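# The following block contains a protein sequence and its predicted model.
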Amino acid sequence: MRALLTSDPEFEVVGEFGDGREAAKHIPALQPDLVLTDLTLPRMSGVEAIREIRKRSPRTKILALTIHKAEEYVRAALQAGAQGYLLKETSHAELLTAARQVLAGKTYVSPELAAKVLADPGGTPSPGHKTRWETLTGREREILKLIAEGARNKDIAQALFISVKTVEKHRSNLMEKLGVHNAQALTALAIEKGLISVE
């Protein structure tokens, strides 16, 4: 990421941090024009980090750069104070475009997400509407927590007294409901929602 940005003379990287808490602590002293942050960070979630950075360094613009495509993530980041939301699979050119637009005071959201999210940035649910997260059953959340903790299907089946096939079905349902495609993304979502904590 540093190489991509510094390949353009318009950008200078003034700092890098390994977790959200360190970023929130040191960014006010650096006063950067722009912060790029993931949403899945150790010690403090990306959304919390965005909120803290905005509070401590109000003039700093924030661009979230993440794997998460679910609308809930985009809205959470924007509501916390991010001015942009970009998927990690983006091209070098789009990264630079997003950075420039955010620095210019505009909101930038990856095109594949923008149509749905920016049409209703507040995410106001219609009567009876549930978010993807709210559609999860108690058992699905229980299994999601175990997946995020690194348990294998066999371990989950033994812990919950169900068959491995049932665990596999729940895992498939979780991915479909949450719009993710692998265990890493499920784990990231579990951390973001506070199901598990990362110290």
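Okay, I see it.

# how does the chain divide into domains?
By the assignment in automatic domain parsing, the chain contains the domains 2-119, 133-192.

# Any idea how far the first one is from the middle of the chain?
It refers to domain 2-119. 10 Å (C-alpha atoms, centre = their mean, to the nearest Å).

# picking up where we left off before, just put the domains of the chain in TSV and tack on mean neighbour count and mean pLDDT.
C-beta coordinates here come from the backbone N, C-alpha and C atoms, glycine included. Output for the domains of the chain, formatted as TSV (neighbours: other C-beta atoms under 10 Å; pLDDT from 0 to 100):
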stretch	mean neighbour count	mean pLDDT
domain 2-119	17	87
domain 133-192	16	87
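
# Report the separation between the spatially most central residue of the chain and Asn153.
Compute the mean C-alpha point of the chain, and by C-alpha atoms, centre = their mean the closest residue is Leu39, 3.4 Å away. Separation of Leu39 from Asn153 (C-beta to C-beta, to the nearest Å): 27 Å.

# what's the answer for Glu71, then?
Counting by C-beta to C-beta - Glu71 and Asn153 are separated by 29 Å.

# go on, Ile147?
As judged by C-beta to C-beta, Ile147 and Asn153 stand 9 Å apart.
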